[in-house]
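A.B. asks: from the sequence below, what's the structure:
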Amino acid sequence: MHPMTTSLPADDPGTKPPARPYLKWGILAPFTIVLVLVIALFSYFSYRHQQEDLDLEASRLSSSIQYLYQKGLIDHAEVLAAAIDGIVHDERLQDAMIHHDRQRLLELSQAKFAELKAKYGITHWYFTGTDRINLLRVHQPSRFGDKIDRYTMLEAARTGAPSHGIEIGPLGTFTLRYVYPWYVQQNGASRLIGYVELGMEVEHLFDEIENMMDIGISVFIEKSLLNRKLWEEGVEMLGRVPNWDRFPTLVSSAFRNDRIAAPLLDQIVAEDHRIEFGPQDLSSGKLDYWVVPVSLEDVRHQHVGYAVAFMDVTAKTLAARQQLAAVIAFATLAGVLLFAGFYRLLNSTEKRLVAADAQLRNLATHDGLTGLLNHRVFQTRLAQETERTRRYGKPLSMLMIDLDRFKDVNDTHGHDIGDYVLQRVSELIMAQCRSIDTVCRYGGEEIAVLLPETPLAEAMHAAERIRMHIESDDFAGSGVPGLRITTSIGISAIPSHADNPSTLVKSADHALYAAKEAGRNRVVAAEPLPK
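C.D. replies: Have a look, this model is predicted:
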């Protein structure tokens, strides 16, 4: 009788068939193809990774600009709120406001306005009546009597609460306005006497962001929000040459880095693109830039333009290209050397390796007599199955099977008959086990069986079937008439009797010993774990 061979699960060692005689080219041909593909894919993904790094940097740049800009607006709004608080608590101004004494308001506020302008950059100060008719512009006293219909004023009138936010001026400038409904207490009641409004232009925020982040920023406003005539007059007043038609939908509000910004944006226009809300990879001469437009909104949360950041990535892109070229060259050289080394090695060892492979695999995983998996594989499978049980909460049972009075068989009939008995018993056990079960020769005449996803009750039935089949077999191939063999089986299960590999084996072994002590030819379960 030849020993049978049990198969291993795919994740166990020794599952691959022995290499064929054409091992050399069977490895080197795919190796060459894979090497070329690896170098190509490495080059591609390295390039992609570099682009993703730049995209991430551009995204962080956009987020940082937004954060710093919004934080600056909040900080400046707090300054305006504090300044207004001082104004509305001035009893002289309050009295002048109640009586709509324009001249008195101007006299009381001029010095204060000069101080606020010098200290905080406040450029606008309005006193407006309850009907939203302007009573006094402290910053421009000659203009008054018009109705204020800006969004911040309308919101303050509608809600009766302070309103603040960015509004676009006629020159495309960003003005932060803070409108405060002015209430006074009269006869125990609160009465609205008008509105105080302070404002400041916040273009300097972009200067601060530029300096903090070492980038260039140009601000562009949507043309649809501006009156061309007023805008051109204002630009000429600032000593600049207006260029309304340079871009299709935008005009430049803050003239920062125009030497770089304008040519880069001209590229976008020349390619029939608008500035999209996302990074653009452009160049200016020999310099590479990431152009990162950041959408700007006014107090109504409507898009009004862009703060376009220009990030010089020339050094980074050059370094990335050089690094990529060096890595590709190194990988190619290493691949050629590896190919040559593998060729020589495989050419000299191919036949010897193929011949030894099958023998080594079988010796490493199987018992030479029974063909069952060996003790080493059992330990590996035990660790795998207990880990799987722990992870998924499924039960795991173990049978420890021992042939009763096997020594007597060897002593009476000889070791050849004993070997046959072990082989036949192994065959009978395998016939009663599933493909997912693990059957191993544990040592001597002991055979261990792992039953995954099998609770104790089912394991008891399986063990009883095995015991009965062995007991009823006549072992006809042994040539010994009337030969009968019985087995004792100890059973342990997780979680009933054990919680780890070591205790599972020990408890199964103790149960086997108990079966022997109780008279042999029986199945005994281990003692349950204490609760």
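A.B. asks: distance from the chain centre to stretch 143-161, please.
C.D. replies: 48 Å (C-alpha atoms, centre = their mean, to the nearest Å).
A.B. asks: what pLDDT, on average, does that stretch get?
C.D. replies: Stretch 143-161 shows a mean pLDDT of 94 in the predicted model.
A.B. asks: over to stretch 213-221?
C.D. replies: pLDDT averaged over stretch 213-221 gives 82.
A.B. asks: give the buried residues for it.
C.D. replies: Buried residues in stretch 213-221, counted by 16 or more other C-beta atoms under 10 Å: 215-221. (C-beta placed from N, C-alpha, C; glycine too.)
A.B. asks: let's have those in a markdown table, adding distance to residue 393 and secondary structure.
C.D. replies: Shown next, in a markdown table, are the buried residues of stretch 213-221 (distance: C-beta to C-beta, whole Å; DSSP: H, G, I helix; E, B strand; the rest coil):
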| residue | distance to residue 393 | secondary structure |
| --- | --- | --- |
| 215 | 55 | coil |
| 216 | 60 | strand |
| 217 | 58 | strand |
| 218 | 62 | strand |
| 219 | 61 | strand |
| 220 | 61 | strand |
| 221 | 63 | strand |
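A.B. asks: widest-spaced pair of those residues?
C.D. replies: The span of those, defined through C-beta to C-beta, is set by 215 and 221 at 19.9 Å.
A.B. asks: part of a helix, is residue 368?
C.D. replies: No. Read with DSSP: H, G, I helix; E, B strand; the rest coil, residue 368 is coil and lies in no helix.
A.B. asks: how about the helices in this protein?
C.D. replies: Secondary structure of the chain (DSSP state H): helices at 23-88, 91-98, 102-120, 151-159, 204-213, 228-237, 258-270, 314-365, 375-392, 406-413, 415-431, 456-472, 501-517.
A.B. asks: how many other residues sit next to residue 189?
C.D. replies: Using other C-beta atoms under 10 Å, residue 189 has 8 other residues around it.
A.B. asks: and residue 437, what does it touch?
C.D. replies: 449-452 (C-beta atoms under 8 Å, 6 or more residues apart in numbering).
A.B. asks: take those and keep only those in strands.
C.D. replies: Among those, the members falling in strands (DSSP state E) are 449-452.
A.B. asks: these into CSV, with extra columns for neighbour count, pLDDT and distance to residue 43?
C.D. replies: Converted to CSV, the ones in strands among the contacts of residue 437 look like this (neighbours: other C-beta atoms under 10 Å; pLDDT from 0 to 100; distance: C-beta to C-beta, whole Å):
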residue, neighbour count, pLDDT, distance to residue 43
449, 28, 96, 53
450, 23, 96, 48
451, 25, 96, 51
452, 18, 95, 45
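A.B. asks: and of the residues you listed, the nearest to residue 474?
C.D. replies: Using C-beta to C-beta, the ones in strands among the contacts of residue 437 come closest to residue 474 at residue 449, 23.1 Å.
A.B. asks: residue 118 - how many residues pack around it?
C.D. replies: If you count neighbours by other C-beta under 10 Å, residue 118 ends up with 9.
A.B. asks: ok, residue 481 next?
C.D. replies: Using other C-beta under 10 Å, residue 481 has 8 neighbouring residues.
A.B. asks: again with the one 4 residues further on
C.D. replies: Residues contacting residue 485 under the criterion other C-beta under 10 Å number 22.
A.B. asks: distance of it from residue 388?
C.D. replies: Between residue 485 and residue 388 the distance is 33 Å, computed by C-beta to C-beta, to the nearest Å.
A.B. asks: again, but for residue 94
C.D. replies: Counting by C-beta to C-beta - residue 94 and residue 388 are separated by 80 Å.
A.B. asks: ok, residue 35 next?
C.D. replies: To residue 388, residue 35 is 37 Å away according to C-beta to C-beta.
A.B. asks: now swap in residue 523 and tell me
C.D. replies: In this view, residue 523 and residue 388 are 25 Å apart by C-beta to C-beta.
A.B. asks: neighbour-wise, which of these two wins?
C.D. replies: residue 523 (24 against 14).
A.B. asks: partners of that one in the sheet?
C.D. replies: For residue 523, the beta-bridge partners are residue 489 (DSSP bridges).
A.B. asks: surely it touches residue 461?
C.D. replies: No. Counting by C-beta atoms under 8 Å, residue 461 is not a contact partner of residue 523; they are 9.4 Å apart.
A.B. asks: between the ones in strands among the contacts of residue 437, which is nearest residue 470?
C.D. replies: Using C-beta to C-beta, residue 449 comes nearest to residue 470 of these, at 12.8 Å.
A.B. asks: count the neighbours of the nearest residue to that closest one once chain neighbours are set aside for me.
C.D. replies: Spatial nearest neighbour of residue 449, excluding adjacent residues (C-beta to C-beta, 6 or more residues apart in numbering): residue 399 at 4.1 Å. Counted with other C-beta under 10 Å, the neighbours of residue 399 add up to 29.
A.B. asks: check contacts around residue 399.
C.D. replies: Residues near residue 399 by C-beta under 8 Å, 6+ apart: 448-449, 451, 459, 462-463, 466, 489-491, 508.
A.B. asks: so how far is residue 469 from it?
C.D. replies: Residue 399 is 13 Å from residue 469, by C-beta to C-beta.
A.B. asks: if we can go back for a sec, make JSON lines out of the ones in strands among the contacts of residue 437 and add distance to residue 476.
C.D. replies: Output for the ones in strands among the contacts of residue 437, formatted as JSON lines (distance: C-beta to C-beta, whole Å):
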{"residue": "449", "distance to residue 476": "25"}
{"residue": "450", "distance to residue 476": "30"}
{"residue": "451", "distance to residue 476": "29"}
{"residue": "452", "distance to residue 476": "33"}
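A.B. asks: looking at the residues you listed, which two lie furthest apart in space?
C.D. replies: Greatest spatial distance among those (C-beta to C-beta): 449 and 452, at 10.7 Å.
A.B. asks: find residues that contact each of these two.
C.D. replies: In the contact map built from C-beta under 8 Å, 6+ apart, the residues linked to both residue 449 and residue 452 are 437-438.
A.B. asks: returning to what we had before: from the contacts of residue 399, pick the one nearest residue 64.
C.D. replies: Using C-beta to C-beta, the contacts of residue 399 come closest to residue 64 at residue 451, 60.2 Å.
A.B. asks: okay, and the beta partners of the closest residue in space to that closest one that isn't next to it in sequence?
C.D. replies: With sequence-adjacent residues excluded and distances taken as C-beta to C-beta, 6+ apart, residue 451 is closest to residue 397, at 4.3 Å. Beta-bridge pairing for residue 397 (DSSP bridges): residue 451, residue 493.
A.B. asks: residue 397 - how many residues pack around it?
C.D. replies: Residues near residue 397, counting by other C-beta under 10 Å, number 28.
A.B. asks: quick one: contacts for it?
C.D. replies: For residue 397, the contact set (C-beta under 8 Å, 6+ apart) comprises 450-451, 454-456, 458-459, 462, 491-494.
A.B. asks: any idea how far it is from residue 443?
C.D. replies: 20 Å.
A.B. asks: tell me how many other residues crowd the nearest residue to residue 46 once chain neighbours are set aside.
C.D. replies: Distance criterion C-beta to C-beta, 6+ apart; nearest residue to residue 46, sequence neighbours excluded, is residue 324 at 5.2 Å. The local packing of residue 324 (other C-beta under 10 Å) involves 16 other residues.
A.B. asks: so what's residue 324 up against?
C.D. replies: 43, 46-47, 50.
A.B. asks: identify, from these, the entry nearest to residue 375.
C.D. replies: Checking those one by one against residue 375 (C-beta to C-beta), the nearest turns out to be residue 46, at 47.7 Å.
A.B. asks: counting neighbours, what do you get for residue 147?
C.D. replies: Neighbours of residue 147 using other C-beta under 10 Å come to 11.
A.B. asks: ok, now which ones touch it?
C.D. replies: Listed by C-beta under 8 Å, 6+ apart, the contact set of residue 147 reads 131-134.
A.B. asks: same deal with residue 439?
C.D. replies: 6, 372-373, 426, 429-430, 433, 447-449.
A.B. asks: could you list the low-pLDDT ranges of the stretch 151-300 of the chain?
C.D. replies: 238, 253-287 (pLDDT under 70).
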